[in-house]
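> quick one, fold the following:
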Amino acid sequence: MIYNAVSYDDKHSKFICDFKNLPKEEKEIYWNSKQNKDLDEIKKHIKDYYLAAQDFRCPYCQQTIKVAHNGAWDAEHIIPKATHPDFMFEPQNLCVSCKDCNGEKWDKNVLKNKKAIRFPKQSKNYIIIHPHIDSYDEHIKIIDSTLYFLPKTDKGRKTIEVCGLLRFVYEYSNYGSVDLAIKQGISKFTQALLETSDPLEEQAYLSFIEDLTKRGKKLSKIEFLKKFGEK
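Presented below is the predicted three-dimensional model:
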C-alpha cells in the first residue's frame with residue numbers, strides 16, 4: 001500500500017488548475033501532448049516520487065524492478081485518464097506500474113460506478129485493489145515458488161483479471177504455450193479453493209495448483225527447446 005500520495009508545489013498546482021479549465025476534448029488527449037515543458041516536468045515529478053514511495057515495486061504484480069532508467073516504468077492512472085480525464089492529476093489516482101501490468105490494465109473500468117464525477121476515496125468504490133487504499137495481502141496471496149496469484153476475495157480475483165496476472169503462470173518467461181488442460185485445471189482448482197472453508201481442502205487444492213503449475217512449466221520449457229534449441 002502507498003501511504004503518502006504525491007504533493008504539488010505552487011507552480012504544479014497552478015498548472016493543474018489551468019488544466020482543469022480546459023475543454024473536455026482537450027483534457028482527454030492532454031497527457032500525451034508534445035513540446036510541453038511544464039507537462040513534462042510534472043510527469044517526471046510524479047514518476048520520480050512514486051518510484052521512491054513504492055521502492056520500485058509494481059502495485060499490481062508486486063514485482064520489484066530496480067533499474068536506473070525510469071523508462072522501464074509507466075506512470076499509472078488507477079482510474080483511466082481516457083474515461084475520467086478530470087482525475088488525471090489527482091494524487092491518489094496516480095502511482096507507477098510495470099509496463100506489462102499497465103498494458104494489460106490500460107483503459108479497463110475499475111469503478112463500481114463508472115459514471116463517478118467526484119474522485120472516489122473509499123475501497124468500496126473500486127472493483128480492483130487500489131494501491132493507495134487497499135492492503136494487497138488481504139485480497140491476493142502470491143505463491144512464490146510458482147508466481148501464482150491466488151485470489152482471496154472478489155476484488156483480488158478482479159485485479160488478477162484486469163491486470164492479466166495469470167500471464168506469470170501461462171507464459172513462464174516466454175518458454176512457450178501451456179497445454180489447455182493444465183490452464184483449465186488451474187482455473188478449476190482456483191475456483192474450488194475460493195469456495196471452500198475447510199483447511200484440509202484448501203491445502204489439497206493449493207497442492208494441486210502448485211503441481212499443475214510445475215508440470216506446465218516443464219512442458220512449456222520442453223516445447224520451447226524443441227522450437228528454439230540447437231539443431
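> what's the burial count for S13?
12 (other CB atoms under 10 Å). C-beta coordinates here come from the backbone N, C-alpha and C atoms, glycine included.
> export the host helix or strand of it as PDB, just CAs?
If you go by DSSP states H and E, S13 is part of helix 10-20. In PDB, the C-alpha atoms belonging to helix 10-20 read as follows (Å, rounded to 0.1, in the frame of the first residue of the first chain):
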ATOM      1  CA  ASP A  10       2.600  26.200  -6.200                       C
ATOM      2  CA  LYS A  11       3.800  26.000  -9.800                       C
ATOM      3  CA  HIS A  12       2.400  22.500 -10.200                       C
ATOM      4  CA  SER A  13      -0.900  23.500  -8.500                       C
ATOM      5  CA  LYS A  14      -1.400  26.400 -10.900                       C
ATOM      6  CA  PHE A  15      -0.600  24.200 -13.900                       C
ATOM      7  CA  ILE A  16      -3.200  21.700 -12.700                       C
ATOM      8  CA  CYS A  17      -5.800  24.400 -12.100                       C
ATOM      9  CA  ASP A  18      -5.200  25.700 -15.700                       C
ATOM     10  CA  PHE A  19      -5.600  22.100 -16.900                       C
ATOM     11  CA  LYS A  20      -9.000  21.700 -15.200                       C
END
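> I182 reaches K214, doesn't it?
No: in this structure, I182 is not within contact of K214 by CB atoms under 8 Å, at 10.1 Å.
> neighbour count winner among these two?
I182 (18 against 12).
> which of the three states applies to the residue nearest to that one when sequence neighbours are not counted?
In space, and not counting its chain neighbours, I182 is closest to G216: 4.4 Å by CB to CB, 6 or more residues apart in numbering. Of the three states, G216 takes helix under DSSP: H, G, I helix; E, B strand; the rest coil.
> which pLDDT value belongs to T213?
Per-residue confidence (pLDDT) for T213: 76.
> quick check, the residue nearest to I182 in contact with A181.
No: using CB under 8 Å, G216 is not in contact with A181, being 9.6 Å away.
> so for those two, which residue has more residues nearby?
Using other CB under 10 Å as the criterion, G216 and A181 rank with G216 on top: 23 against 10.
> now the helices: where do they sit in the protein?
Assigned by DSSP state H, the helices in the chain fall at 10-20, 24-28, 37-53, 99-105, 154-162, 167-171, 180-195, 199-228.
> low-scoring stretches of the chain, by residue?
By pLDDT under 70, the low-scoring segments of the chain are 144-146, 169-179, 217, 219-231.
> from T190, how far out is A181?
15 Å (CB to CB, to the nearest Å).
> quick one on the thing from earlier: what packs against the helix holding S13?
Taking 3 or more CB pairs under 8 Å, 6 or more residues apart in numbering; DSSP states H and E as contact, the helices and strands that helix 10-20 lies on are helix 37-53.
> give me the buried stretch members for the helix it packs on, please.
39, 42, 46-47, 49-51, 53 (16 or more other CB atoms under 10 Å).
> run the chain-centre distance for it.
19 Å (CA atoms, centre = their mean, to the nearest Å).
> tilt between it and helix 10-20?
120 degrees (axes from the mean of the first three to the mean of the last three CA atoms, to 10 degrees).
> ok, now which ones touch the residue nearest to the spatial centre of the chain?
Residue closest to the mean C-alpha point of the chain, counted by CA atoms, centre = their mean, is Y60 at 3.3 Å. Contact partners of Y60, counting by CB atoms under 8 Å, 6 or more residues apart in numbering, are 97-98, 101, 105, 129, 131, 159, 163, 165.
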